[in-house]
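*Asks:* test case, fold it:
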Amino acid sequence: MTTPPPGILISAPSSGTGKTTVMLGLLRALAEDGLKVQPFKSGPDYIDPAFHHAAARRQAFNLDTWAMPSELAGGIAEQAMGADIVVAEGSMGLFDGVATRGENGFGSSAETALMMGWPVVLVIDVGGQAQSAAATALGFKTYNPTLPFAGVILNRCASPRHERLARLGMDQAGINVLGVLPRRGDLALPERHLGLIQAVEHPDLEEAITGYAKFLRDHVDLAAIKSAARAGDAKTGTLPKPPAQRIALARDAAFSFTYPHLLTGWRNAGAEILPFSPLADEAPAGDADLVWLPGGYPELHAGRLAANKTYLSGLRKHAETKPVHGECGGYMALGSKLIDKDGIAHEMAGLLGLVTSYEKRKFHLGYRQATLRAPMLGFDSGARLRGHEFHYTTILDEPDAPLANVGDADGNPVPETGSIKGHVTGTFFHLIAEAGQ
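*Replies:* Predicted coordinates:
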């Protein structure tokens with residue numbers, strides 16, 4: 001069996017420490033050195049992988065111990081074959097996860113690193129402290145002694161004196177310092193209510209990533225990073241099967257949140273993905289077997305979507321005889337009305353009775369487990385699915401038949417059940433995998 005490439009996982013004590021900009025700069029710097037770099041994202045985040053793809057110029061994939069059965073995780077891990085090095089990005093803090101065990105764990109980045117055999121590089125924001133940062137690093141290094149720990153990158157260092165003091169603490173704690181990044185206010189990526197803006201919306205993503213790479217190259221020991229990477233045991237498995245042969249996929253700035261392992265699995269099995277742009281008033285392919293509207297930001301483009309007659313008529317015609325599915329933003333676009341943040345109601349496709357509002361925002365975040373009450377995307381009624389929900393939508397009306405019994409990671413029921421009407425289905429959760437048996 002071929003040995004997988006060596007890898008590392010970039011994590012942090014918490015969100016907001018700068019690990020994403022470190023990740024993007026490291027991906028590009030290693031690629032500039034002539035390496036084939038395979039990016040991964042630990043957890044269900046569906047925005048970061050597009051940035052990783054842009055930085056590494058290689059498709060990024062999510063790995064998730066809560067949502068993914070071993071067969072799927074193995075199939076995704078196999079996508080690194082042929083790369084020279086793997087760089088994965090954690091989510092939240094290194095050990096953060098949910099309270100109830102899922103398919104292979106609780107969804108923490110530490111579990112992903114252990115599963116794959118990748119040492120952890122911890123990005124620590126040393127703003128407001130000096131030697132005390134070493135106590136944080138030492139705690140993370142020793143919290144789980146079985147977790148390989150490569151060292152730290154100290155971020156937002158204010159001065160050479162600050163760096164000397166922080167390094168002194170790390171030396172005393174026996175922590176390897178792999179880099180020290182000076183404080184720079186221009187390194188933050190643009191954000192909106194769901195976190196980062198989409199990669200396709202960044203005003204000059206290539207320039208930003210090139211800048212991150214130079215910054216990392218100037219202040220991080222890339223040779224030490226490469227030396228710290230380790231290869232774990234080779235993983236094998238399977239990717240998801242396609243729900244149809246010809247799949248018309250909405251893809252533009254309004255609909256872009258698609259988990260890469262789904263599309264890769266579908267393509268590998270011989271399915272044809274037929275992109276179309278609702279924002280450009282394109283209809284789905286007339287000979288498609290299935291139309292799928294993924295998540296995104298339809299609330300930012302609701303007026304254009306409501307006015308695009310070619311897109312709407314093509315979608316409605318398809319739904320007369322063949323399946324249409326939408327998730328999160330796609331689900332909202334299949335509904336009756338979408339009310340934007342200014343209180344303006346926009347007529348959507350009307351294939352479902354769903355009415356949603358951004359004028360009255362309500363935060364929905366977390367893993368979802370669902371048992372289907374009707375078929376969806378090639379899954380039979382009774383299938384158990386795992387996914388993730390992240391939006392600020394308030395549901396004003398969800399009148400159609402419920403599609404599934406949906407709960408959170410702990411099994412507590414949630415009211416967003418999804419809907420089915422005729423050939424049309426929709427969910428607020430983003431599908432990750434079918435639950436293991």
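
*Asks:* switch to C-alpha atoms for all contacts and neighbour counts from now on
*Replies:* Noted.

*Asks:* out of everything not next to it in sequence, what's closest to Thr258?
*Replies:* Distance criterion Cα to Cα, 6 or more residues apart in numbering; nearest residue to Thr258, sequence neighbours excluded, is Pro294 at 6.1 Å.

*Asks:* and the one you found, what is it in contact with?
*Replies:* Pro294 makes contacts with 249-251, 255-258, 326-331, as judged by Cα atoms under 8 Å, 6 or more residues apart in numbering.

*Asks:* now Leu147: which helix or strand?
*Replies:* Of the helices and strands defined by DSSP states H and E, none includes Leu147.

*Asks:* I figured it hits Met116, correct?
*Replies:* No. At 10.7 Å, Leu147 and Met116 do not qualify as touching, with contact defined as Cα atoms under 8 Å.

*Asks:* higher neighbour count, these two?
*Replies:* More neighbours surround Met116 than the other of Leu147 and Met116, with 24 against 19 (other Cα atoms under 10 Å).

*Asks:* can you tell me how far the more buried one is from Ala401?
*Replies:* Distance, Met116 to Ala401, using Cα to Cα, to the nearest Å: 42 Å.

*Asks:* again with Ser132
*Replies:* According to Cα to Cα, Ser132 stands 56 Å off from Ala401.

*Asks:* what is the host helix or strand of Phe40 packed up against?
*Replies:* Element membership for Phe40, per DSSP H and E: strand 37-42. Under the contact criterion of 3 or more Cα pairs under 8 Å, 6 or more residues apart in numbering; DSSP states H and E, strand 37-42 touches helix 19-32, helix 48-56, strand 61-63, strand 85-89.

*Asks:* in CSV, list these along with mean neighbour count and mean pLDDT.
*Replies:* Listed next are the helices and strands packed on strand 37-42 as CSV, based on neighbours: other Cα atoms under 10 Å; pLDDT from 0 to 100:
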stretch, mean neighbour count, mean pLDDT
helix 19-32, 24, 96
helix 48-56, 24, 94
strand 61-63, 26, 98
strand 85-89, 26, 98
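
*Asks:* which one of these lies closest to Ala173?
*Replies:* Closest approach to Ala173 among the helices and strands packed on strand 37-42 (Cα to Cα): helix 19-32, 22.1 Å.

*Asks:* helix 48-56 and the closest one, what's the angle between them?
*Replies:* Angle between the axes of helix 19-32 and helix 48-56 is 30 degrees (criterion: axes from the mean of the first three to the mean of the last three Cα atoms, to 10 degrees).

*Asks:* alpha carbons of helix 19-32, in CSV - could you do that?
*Replies:* Provided in CSV are the C-alpha atoms of helix 19-32 (Å, rounded to 0.1, in the frame of the first residue of the first chain):
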residue,chain,number,x,y,z
LYS,A,19,-4.9,30.6,12.0
THR,A,20,-6.8,31.0,8.7
THR,A,21,-4.4,33.6,7.4
VAL,A,22,-1.5,31.4,8.6
MET,A,23,-3.0,28.5,6.8
LEU,A,24,-3.4,30.3,3.5
GLY,A,25,0.1,31.8,3.6
LEU,A,26,1.6,28.4,4.5
LEU,A,27,-0.3,26.7,1.7
ARG,A,28,0.9,29.1,-0.9
ALA,A,29,4.5,29.4,0.4
LEU,A,30,4.9,25.6,0.2
ALA,A,31,3.3,25.5,-3.2
GLU,A,32,5.7,28.3,-4.4
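
*Asks:* counting contacts, what elements does it pack onto?
*Replies:* strand 7-11, strand 37-42, helix 48-56, strand 85-89, helix 205-219.

*Asks:* out of those, which is closest to Arg368?
*Replies:* Distance to Arg368, taken as Cα to Cα, is lowest for strand 37-42 among those, at 16.8 Å.

*Asks:* of Ser132 and Ala401, who's got more company?
*Replies:* Ala401 (17 against 14).

*Asks:* surely the more buried one touches Thr417?
*Replies:* No. The pair Ala401 / Thr417 is not scored as a contact, 9.2 Å apart, by Cα under 8 Å.

*Asks:* mind listing the strands the strand holding Phe40 pairs with, and their directions?
*Replies:* Sheet pairing here is set by DSSP bridges, and for strand 37-42 it gives strand 61-63 (parallel), strand 85-89 (parallel).

*Asks:* would you list the ones you listed in a markdown table and tack on distance to Gly107?
*Replies:* Supplementary listing: the strands paired with strand 37-42 in a markdown table, determined by distance: least, Cα to Cα, whole Å:
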| stretch | distance to Gly107 |
| --- | --- |
| strand 61-63 | 9 |
| strand 85-89 | 13 |
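
*Asks:* and these: which comes nearest Ala280?
*Replies:* Short answer: strand 61-63, nearest of the strands paired with strand 37-42 by Cα to Cα, at 27.8 Å.

*Asks:* next helix or strand past the closest one?
*Replies:* Following strand 61-63 toward the C-terminus (DSSP H and E): helix 70-77.

*Asks:* now do that following helix: which elements does it pack against?
*Replies:* Checking 3+ Cα pairs under 8 Å, 6+ apart, helix 70-77 ends up next to strand 61-63.

*Asks:* show residues contacting the strand it packs on.
*Replies:* 39-46, 49, 73, 76, 112, 259-261.

*Asks:* between the residues you listed, which has the most around it?
*Replies:* Result: Pro39 is most packed of the contacts of strand 61-63 (other Cα under 10 Å), 30 neighbours.

*Asks:* tell me what it is bridged to.
*Replies:* Val87.

*Asks:* I'd say it and Gly90 touch.
*Replies:* No. Look at Pro39 against Gly90 with Cα under 8 Å: they stay out of range, at 11.2 Å.

*Asks:* in stretch 272-285, what's buried?
*Replies:* For stretch 272-285, a neighbour-count test (16 or more other Cα atoms under 10 Å) marks 272-279, 281-285 as buried.
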